[in-house]
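# I need the structure of the sequence given here:
(6 chains)
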4 protein chains.
Amino acid sequence: MGSIERRQREKEQRREQILNTARELLFKKGIDATSMNQIAKNAELSVGTLYLYFKNKESLFAALQEEGLDLLYTKIREESEKGSTLREKLKKMAFAYMDFSEDHRKYFDIMNYFLSSPKILFSASLKARVDKHVNRILSVFEDTLKSGVLKNTDDREIRRMAVVFCSNLHGMLQFKKLQNTVLQGEDFRDLYMYSFDCAMKSLERIGDS
Amino acid sequence: MGSIERRQREKEQRREQILNTARELLFKKGIDATSMNQIAKNAELSVGTLYLYFKNKESLFAALQEEGLDLLYTKIREESEKGSTLREKLKKMAFAYMDFSEDHRKYFDIMNYFLSSPKILFSASLKARVDKHVNRILSVFEDTLKSGVLKNTDDREIRRMAVVFCSNLHGMLQFKKLQNTVLQGEDFRDLYMYSFDCAMKSLERIGDS
Amino acid sequence: MGSIERRQREKEQRREQILNTARELLFKKGIDATSMNQIAKNAELSVGTLYLYFKNKESLFAALQEEGLDLLYTKIREESEKGSTLREKLKKMAFAYMDFSEDHRKYFDIMNYFLSSPKILFSASLKARVDKHVNRILSVFEDTLKSGVLKNTDDREIRRMAVVFCSNLHGMLQFKKLQNTVLQGEDFRDLYMYSFDCAMKSLERIGDS
Amino acid sequence: MGSIERRQREKEQRREQILNTARELLFKKGIDATSMNQIAKNAELSVGTLYLYFKNKESLFAALQEEGLDLLYTKIREESEKGSTLREKLKKMAFAYMDFSEDHRKYFDIMNYFLSSPKILFSASLKARVDKHVNRILSVFEDTLKSGVLKNTDDREIRRMAVVFCSNLHGMLQFKKLQNTVLQGEDFRDLYMYSFDCAMKSLERIGDS
DNA sequence: GATGAATGAGTGTTCATTCAT
DNA sequence: GATGAATGAACACTCATTCAT
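Model (predicted):
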């Protein structure tokens, strides 16, 4: 009986061991340059064992993707609770996202990798799990907006506002890659703040109408 | 004499032949799953010939990327000239971007691929050429905004507005991938329109202040 | 238990199988014209397997090189023990070297290939291993000279004598390639003997002085 | 008529132009890394033209080989004339050879490349031409020895002595590659001098007997 | 459950040579 | 005589995945 629990614990540990190694390699060398054999060797396990815990390479990296989204969720949720006004809250959340894209650039890279990969590659169940995480993040934005001044806005509108707000942030962070070329001369943080202000203005307007 | 011209023409045709085949395969199978050998075989040319026309795989795909950005530029420029008011113009441009991402989804995918690829992958000169195309597109937005109502806005502000406006659109189009899951129940076109309205509101506000 | 041993044995056999095939091809076609794919095909193994047993082509051929040097070492050592006088010993060793260059011409060719290849080609560790073998062979000459009449010659002198003696033999064997053209009319064995006599004379002189 | 001469001159110039470029590249990048296309581009000629002047890559490099041997011949000949005694002459010649192997290392490398390449690779006529050059060099040694003290030595003996002397030098220079490993702690120049002394001793002895 | 040897199609790229113009 | 576009076999090497033990 205790042994069943122990087994369970060991299995969990093994899984973590694999993920830790994979994450480390991923962050060091990127997704393409990280092979299953390398992960196995670094984790001091056999390749076969990797396939016992993860169906294939893709699903291993999907797990890391979930991990990243989870981290992002936590950061954003925490920040959302710090501010007092709606503006303050959203600002903290927006910069939490930007910080995440910088501090955990590689997680952010996987996110984009998964977003821009041909759909065929991912099984439906994998997609579903990842989407759940995205949803959870969107919910934080929804909750924040809901608890804001806009008392009598209906849920659908709130949802839309959350999506637009998020996609604005995401779009800006995508453009960050261009900061040494197209955006030359601009401080990205300023630009991001500018974008945030624009988004806020539109929100307030909606409040108006 | 004529023979020199004919040679030139043939060379140009060959280049197109390669690009056509590469484009076709790329759109069918994605960038990683398209190999130089495949392109050669499908184009009924030898691999060596490919390397006569393109330095390497990367620059072949960069050529396709430029092609796509060129097409996008043309579409947006054309639309920008159709509307009469600033709002109308921008709306037409925004939807031109959306249409492009649908009609030429794969070009859009390459764009994202290049945006999210590790910088090391692309040589500086290649990046520079691609960036020029991106800049050209941004310029259309700048020109449109400049010729709009906002007479006394300085160039830097205009630039920022253009960047934010574009990144908003781009961010929304990124989220499109989620329309069957996260965005379930929403008509994407409506949502995009909603996002456009938000952006316009923030612009007007700026006009106000 | 036995199964672990068997596995070990099989691994060793596989390694030999690869080396045998590589040697055969090398001797038939030369080093450049022998590709990894060919070796794999002839050995009835997959290319991947080759890389399981040898880090790369270079180290596979280095293994053959070591093999050859090992063989040469053994031959020379054996001969060195047969003669009774110093002259007899050295003569047997000299002809062991010549016989080796004839009987194992291809091993001799690899030796020269490695000697004359640009240094960059070979990793330091590989060079070190090969050099150890060369040193071992030189040592046999040193030991023989030491145990000869020249009792009160210091080690450094002995070393130099060994090197010069060896390089004389090696130089002569290099010239063998020219026997049908430049050396026309000479019996190479005679010439080699002549060269050996010259070397002996200089040794004796040293003994004198 | 003059035009025929001009044509001839142009042809000769073109040939030199090719050889100059090939030599330059060879010395910069080594024999394997120098391709016909590169030579053509650097010489501002078309690949086809290269094949008009040289049957194939091999014969182009054989021409360089001849060039190198020619240079070596000249150096040795010149030095042979400087010394007054036999010993002085031979010493100058020996060091001329060593200097050549250092100053024109790449020429020396080609020489070894040709010496150690599988014979099949070279056409008989090519070999013959190269051998003629080697013979010419040997002759300088023969002449020097002949004009030395050893008045009543027959031609065959002289020939043998020249071959052995040369091969000794050559063997030593081959071993030079090992100076950082096997020969560690030895100054190669000293060692070479030592080897020369040995050779001289044996020559003198022959004089004696 | 765990192992790790084996697979083999696949990658991007090169290069000596040919030949129609 | 000169061109240079075209060839295509060949190269060394990688990698996700399988499966007998």
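# Next, give phi and psi for the residue nearest the centre of chain A.
Per Cα atoms, centre = their mean, the C-alpha nearest to the average position across chain A is that of residue A:69, at 3.3 Å. Per-residue torsions, residue A:69: phi -60, psi -30 (degrees, to the nearest 10).
# unless I'm mixing things up, it is touching residue A:111, no?
Yes: assessed by Cβ atoms under 8 Å, residue A:69 is found in contact with residue A:111 at 7.2 Å. No exception for glycine: its C-beta is placed from N, CA and C like everyone else's.
# OK, contacts around the closest residue to the residue nearest to the centre of chain A other than its chain neighbours?
Spatial nearest neighbour of residue A:69, chain neighbours left out: residue A:133 (3.7 Å); criterion: Cβ to Cβ, 6 or more residues apart in numbering or on different chains. By Cβ atoms under 8 Å, 6 or more residues apart in numbering or on different chains, residue A:133 lies in contact with A:66, A:69, A:70, A:73.
# From those, pick the one nearest residue D:170.
Residue D:170 has its nearest neighbour among the contacts of residue A:133 in residue A:66, at 68.6 Å by Cβ to Cβ.
# Can you give the domain ranges for chain A?
Following automatic domain parsing, chain A resolves into domains at A:1-54, A:57-208.
# Report the spatially nearest residue to the residue of chain A found nearest chain C, omitting neighbours in sequence.
Here the residue of chain A nearest chain C is residue A:37; by Cβ to the nearest Cβ that distance is 10.8 Å. Spatial nearest neighbour of residue A:37, excluding adjacent residues (Cβ to Cβ, 6+ apart): residue A:47 at 5.9 Å.
# distance of that neighbour from residue A:29?
Distance, residue A:47 to residue A:29, by Cβ to Cβ, to the nearest Å: 18 Å.
# I'd say residue A:109 and residue A:27 touch.
No: Residue A:109 is not in contact with residue A:27 according to Cβ under 8 Å; the separation is 9.3 Å.
# Show me which of these two is the more surrounded one.
A count of neighbours by other Cβ atoms under 10 Å in any protein chain shown puts residue A:109 above the other of residue A:109 and residue A:27, at 19 against 16.
# before we move on, back to that, CA atoms of the helix or strand where the residue nearest to residue A:69 lies as CSV?
If you go by DSSP states H and E, residue A:133 is part of helix A:124-146. The C-alpha coordinates for helix A:124-146 follow below in CSV (Å, rounded to 0.1, in the frame of the first residue of the first chain):
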residue,chain,number,x,y,z
ALA,A,124,-6.8,17.8,-30.4
SER,A,125,-6.3,16.9,-26.8
LEU,A,126,-3.0,18.7,-26.6
LYS,A,127,-4.5,21.8,-28.0
ALA,A,128,-7.5,21.6,-25.6
ARG,A,129,-5.2,21.5,-22.6
VAL,A,130,-3.1,24.4,-23.8
ASP,A,131,-6.3,26.4,-24.6
LYS,A,132,-7.6,25.8,-21.1
HIS,A,133,-4.5,27.6,-19.8
VAL,A,134,-5.0,30.5,-22.1
ASN,A,135,-8.6,30.7,-21.0
ARG,A,136,-7.6,30.9,-17.4
ILE,A,137,-5.3,33.8,-18.2
LEU,A,138,-8.1,35.6,-20.1
SER,A,139,-10.3,35.1,-17.1
VAL,A,140,-8.1,37.1,-14.9
PHE,A,141,-8.5,40.0,-17.2
GLU,A,142,-12.2,39.4,-17.3
ASP,A,143,-12.5,39.3,-13.5
THR,A,144,-10.4,42.4,-13.2
LEU,A,145,-12.5,44.3,-15.7
LYS,A,146,-15.7,43.0,-14.1
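# That helix: what's the following helix or strand?
helix A:155-175.
# Going along the chain, name the helices of chain A.
For chain A, the helices defined by DSSP state H cover A:2-29, A:36-42, A:47-53, A:57-82, A:86-103, A:105-116, A:124-146, A:155-175, A:188-208.
# Residue A:17 contacts residue A:40, correct?
No: in this structure, residue A:17 is not within contact of residue A:40 by Cβ under 8 Å, at 10.9 Å.
# Quick check, the residue in chain A closest to DNA strand E?
Closest to DNA strand E within chain A is residue A:48: 2.1 Å, counting by Cβ to the nearest atom of the strand.
# Quick check: residues of chain A near DNA strand E?
A:10, A:11, A:14, A:37, A:45, A:46, A:47, A:48, A:49, A:51, A:52 (Cβ under 7 Å from any atom of the strand).
# Between these, which sits nearest residue C:97?
Closest approach to residue C:97 among these (Cβ to Cβ): residue A:37, at 44.3 Å.
# roughly how far apart are the closest one and DNA strand F?
From residue A:37 over to DNA strand F the distance is 6 Å, taken as Cβ to the nearest atom of the strand, to the nearest Å.
# Kindly tell me how buried the residue of chain A found nearest chain B is, as a neighbour count.
Going by Cβ to the nearest Cβ, chain B is nearest to residue A:171 of chain A, at 2.4 Å. Counted with other Cβ under 10 Å, residues neighbouring residue A:171 total 24.
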